[in-house]
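Novice: turn this into a model:
(4 chains)
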2 protein chains.
Amino acid sequence: MRKPTLHDVARAAGVSYSTADRVLNARGGVAPKSADRVRDAIATLGYERDLHAANLSRGRNYNFRFLLPKDDHSFFRALRAAVDREQDLRRADRILISVTEIPALDADALARALDAEGSACDCLAVVATEAPRITAAITTLRARGIAVVTLVSDAASEARAAYVGIDNVMAGRTAGRLLRLAHATRQGCILPVLGSVSARDHRDRLDGVNAVAAGETPALRVLPALSVDDRPDIMRARVTQALADHPDITGIYSIGAGNRGLIEVLEARQTRPLVVMHELTPVSRAGLERGLVDAVIDQKPAQEVALAIDVMKAIADGRDWHDPARDIIPTVFLKDNLPAPADNPQISAS
Amino acid sequence: MRKPTLHDVARAAGVSYSTADRVLNARGGVAPKSADRVRDAIATLGYERDLHAANLSRGRNYNFRFLLPKDDHSFFRALRAAVDREQDLRRADRILISVTEIPALDADALARALDAEGSACDCLAVVATEAPRITAAITTLRARGIAVVTLVSDAASEARAAYVGIDNVMAGRTAGRLLRLAHATRQGCILPVLGSVSARDHRDRLDGVNAVAAGETPALRVLPALSVDDRPDIMRARVTQALADHPDITGIYSIGAGNRGLIEVLEARQTRPLVVMHELTPVSRAGLERGLVDAVIDQKPAQEVALAIDVMKAIADGRDWHDPARDIIPTVFLKDNLPAPADNPQISAS
DNA sequence: CACAAAATGATTGACGTCTGTCAGCACTTT
DNA sequence: AAAGTGCTGACAGACGTCAATCATTTTGTG
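Specialist: Residues are numbered from 1 along each chain as shown, chains lettered A, B, ... in the order given. The predicted structure follows:
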């Protein structure tokens, strides 16, 4: 009835505990036929090593490091907060999480940080980009036995062990679908607003919205994308200008940050186009609540961080893990399905 | 640097390990001033007992039981599958999960099952209803030291320890918001379809959709709800009839099950109203993919089960846990943000 | 058959905690 | 002074595994 122990395995295999241990931990010096008998016994008994006991014995800790962009955007603040929270929650599981901040949008700095990784950590989580330097640095780390998980933004997929983040084409398509839904019986004209032209994520989202909005019939007209550098002031100026130039705009898809500027434009108007933006932040949340924004597409950074840690632990334990992609889906927030505000504390046990 | 052990605490407090242990585990027989010194030492050192070592030593297992409705609906099958999956995943953490199937929609049977609970399990998860018998049974269990977590459907909130499930009014409001979004510039007429009139969940969803669709201006007209007993055949007949009676129907909100019948009606028509339904099942998924359904509101049963187990473990450990409500939000699935199909296997470690 | 090499068994002391027993001490109470 | 009470410390044996040592047996080779 009880879970079998390695002693049980040894007994079943007709060898000593030492031998079973040598096989289990691949210490070598075991005759092939003994090794087979041990492996058979493991299989027939359904033995699984007790990881907690093993870690206790080894005095093992899991050292995971997050390399996060040092940036003042709400999204990265939320990401950082999520990591900090997990830091506390996972300590009891011997998981020690450290955070290194990297200048945002600086592939060189990130590559340098990756190269500088000592052997102090078992697994890295990185907000990556597809720059070749970064791919190279990740490959080097893999060769040294340190797995790298990409978070939010992917690197070349050959190098990293897993990607925990949304599919940005999917996110863009979702925005397009919402805009299309809202144009059920009418023509429309969509203004996409990029944060930065160079970011892969933003281009993917733009491709996605184009595929759905313009690629299906009846077509919505999609204007050339504005680019606002993720800055509210530029957002305000450019969007104001665009709305003046194109009075027929019926929808705005804000792909990046700087939405505070967009909200300011919207609240100054009597009528407004449909508005879809990204990331549930205090600003976008208020926009939804006040009826200035129709939908927010969010990637649930807290859940991403939690899942990333789960994957990192599985990697460190040499276990299989299941593809994170299925659980990380662009989430649609409307005015009516907003989660409770984040500030509420713990509920104590009864 | 190392995490302090109880030995460290004892040394810091100037008492023996035994005394520190007596304080930590409240065994009594310790002078108040010694106890205080131990507690001080725990606080200043930031000692946290190593739960894994403790459980190893005690030979402790967590016995959790799920009381699930025995029903052939896709949703409950998905719920059951999620529990089965967690059963494997959590075994390594000494969490043993058992499932008892209860005849669906039978409050008496559920109450009897609750009353019959021995002391073999540490915590129960139940798909409950608000029937007084059930509340009473849960209260009795609580008195016996067995906490009950409600799943998917709540009981009276005084009795249970936590509820892991969506807010169904929120779900209905979300459906209403989607329908409203799709009626941006036009009048409309919404047909709500109930699974059963008596289910609290369904009434809540109806209230929600009414509040948003009819309660805001400009109003959508909401027809009296059909009721189809969660059965595809009845769904098909009643919806066909309703569409004939009301040619001006522009939206259908299917609140319960039986959506296979609805899909059949839809695919027989050239033009169709907007359609919002609940729960991502093979049927609703196919409906989205084929463009017959506009949106599916899902409660992510797998995530609910995982979260329920997390809460049960926290309860069993006497830890605090954070309110599950924030993480369990009605999720909007459109054609473009569907997760990968469920059948894919594990991805192996590299 | 001798002998080295290889394989195996036996044992030990961790890891951090739990649980139990036993003895000793300083006090009171008789 | 004897007996009792309350508190404390010391110790030991688990739990399942790791990691190391040392002794012993079994092999294979010439």
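Novice: around DNA strand C, which positions in chain A sit nearby?
Specialist: Residues of chain A that fall close to DNA strand C, judged by CB under 7 Å from any atom of the strand: A:14-19, A:22, A:29-31, A:33-35, A:53, A:56-57, A:59. In short, each C-beta sits where N, CA and C put it, glycine included.
Novice: near chain B at all, stretch A:113-133?
Specialist: No - using CB under 8 Å from any CB of the partner chain, stretch A:113-133 stays clear of chain B, coming no nearer than 11.6 Å.
Novice: show me what from chain A comes close to DNA strand D.
Specialist: Chain A has residues A:2-3, A:5-7, A:18, A:21, A:24-25, A:47, A:49-50, A:53-54, A:56-58 near DNA strand D, with proximity defined as CB under 7 Å from any atom of the strand.
Novice: 10 Å - rerun?
Specialist: A:2-10, A:16-27, A:29, A:31, A:33, A:47-60 (CB under 10 Å from any atom of the strand).
Novice: give the PyMOL command for selecting the buried subset of those residues.
Specialist: Entered in PyMOL, the line below selects the buried ones among these, by 16 or more other CB atoms under 10 Å in any protein chain shown:
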select buried, chain A and resi 4+5+6+8+9+10+19+20+21+22+23+24+47+50+52+55+56
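Novice: keep only those of the residues of chain A next to DNA strand D that are in strands.
Specialist: Counting by DSSP state E, those place none of their members in strands.
Novice: among the residues of chain A next to DNA strand D, which are in reach of chain B?
Specialist: By CB under 8 Å from any CB, the members of these lying near chain B are A:48, A:50-53, A:55-56.
Novice: switch those over to TSV; also include pLDDT.
Specialist: Output for these, formatted as TSV (pLDDT from 0 to 100):
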residue	pLDDT
A:Glu48	95
A:Asp50	96
A:Leu51	96
A:His52	97
A:Ala53	97
A:Asn55	97
A:Leu56	97
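Novice: ranges for the helices of the stretch 151-300 of chain A?
Specialist: A:168-181, A:200-213, A:232-245, A:259-267, A:282-289 (DSSP state H, counting those that start in this stretch).
Novice: out of the ones you listed, nearest to A:Ala155?
Specialist: Set against A:Ala155 and scored by CB to CB, the helices of the stretch 151-300 of chain A come closest in helix A:200-213, at 10.3 Å.
Novice: SS state for A:Glu101?
Specialist: Under DSSP: H, G, I helix; E, B strand; the rest coil, A:Glu101 falls in the strand class.
Novice: spatially nearest residue to it, not counting backbone neighbours?
Specialist: The shortest distance from A:Glu101 to any non-neighbouring residue, by CB to CB, 6 or more residues apart in numbering or on different chains, is to A:Lys70 (3.8 Å).
Novice: dump the helices of the stretch 151-300 of chain A into TSV; add distance to B:Asn168 and mean neighbour count as well.
Specialist: Shown next, in TSV, are the helices of the stretch 151-300 of chain A (distance: least, CB to CB, whole Å; neighbours: other CB atoms under 10 Å in any protein chain shown):
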stretch	distance to B:Asn168	mean neighbour count
helix A:168-181	23	26
helix A:200-213	30	22
helix A:232-245	37	16
helix A:259-267	31	21
helix A:282-289	20	19
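Novice: got JSON lines for the ones you listed, with mean pLDDT too?
Specialist: Formatted as JSON lines, the helices of the stretch 151-300 of chain A follow (pLDDT from 0 to 100):
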{"stretch": "helix A:168-181", "mean pLDDT": "97"}
{"stretch": "helix A:200-213", "mean pLDDT": "95"}
{"stretch": "helix A:232-245", "mean pLDDT": "96"}
{"stretch": "helix A:259-267", "mean pLDDT": "96"}
{"stretch": "helix A:282-289", "mean pLDDT": "97"}
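Novice: TSV for those helices, including distance to B:Cys123?
Specialist: Compiled in TSV, the helices of the stretch 151-300 of chain A are given as follows (distance: least, CB to CB, whole Å):
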stretch	distance to B:Cys123
helix A:168-181	37
helix A:200-213	42
helix A:232-245	48
helix A:259-267	43
helix A:282-289	34
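Novice: and those: which comes nearest A:Leu307?
Specialist: Here helix A:168-181 is closest among the helices of the stretch 151-300 of chain A (CB to CB), at 16.7 Å.
Novice: A:Ala306 contacts A:Glu86, correct?
Specialist: Yes - with contacts counted by CB atoms under 8 Å, A:Ala306 reaches A:Glu86, the gap being 6.2 Å.
Novice: could you verify that A:Glu130 is part of a helix?
Specialist: No - counting by three-state DSSP, A:Glu130 is not part of a helix but coil.
Novice: need the contact list for it.
Specialist: A:Glu130 sits next to A:154-156, A:200 when contact means CB atoms under 8 Å, 6 or more residues apart in numbering or on different chains.
Novice: also A:Ala54?
Specialist: A:Ala54 is in contact with A:Arg60, counting by CB under 8 Å, 6+ apart.
Novice: any stretches of the stretch 1-150 of chain A with poor pLDDT?
Specialist: Within the stretch 1-150 of chain A, the stretches with pLDDT under 70 are A:1.
Novice: neighbours of A:Thr331, how many?
Specialist: For A:Thr331, the count of nearby residues is 21 (other CB atoms under 10 Å in any protein chain shown).
Novice: identify the bridge partners of it.
Specialist: A:Asp298 (DSSP bridges).
Novice: check the gap between it and DNA strand D for me.
Specialist: Distance, A:Thr331 to DNA strand D, by CB to the nearest atom of the strand, to the nearest Å: 40 Å.
Novice: could you check how far that residue is from B:Asp298?
Specialist: Here the distance between A:Thr331 and B:Asp298 works out to 11 Å (CB to CB, to the nearest Å).
Novice: also A:Thr140?
Specialist: As judged by CB to CB, A:Thr140 and B:Asp298 stand 42 Å apart.
Novice: of those two, who's got more company?
Specialist: Using other CB under 10 Å, the more surrounded residue of A:Thr140 and B:Asp298 is B:Asp298, with 23 against 14.
Novice: surely the more buried one and B:Thr331 touch.
Specialist: Yes - using CB under 8 Å, B:Asp298 is in contact with B:Thr331, at 4.8 Å.
Novice: name the residue of the stretch 1-150 of chain A that lies nearest to chain B.
Specialist: Among all residues of the stretch 1-150 of chain A, A:His52 sits closest to chain B, at 3.9 Å; criterion: CB to the nearest CB.
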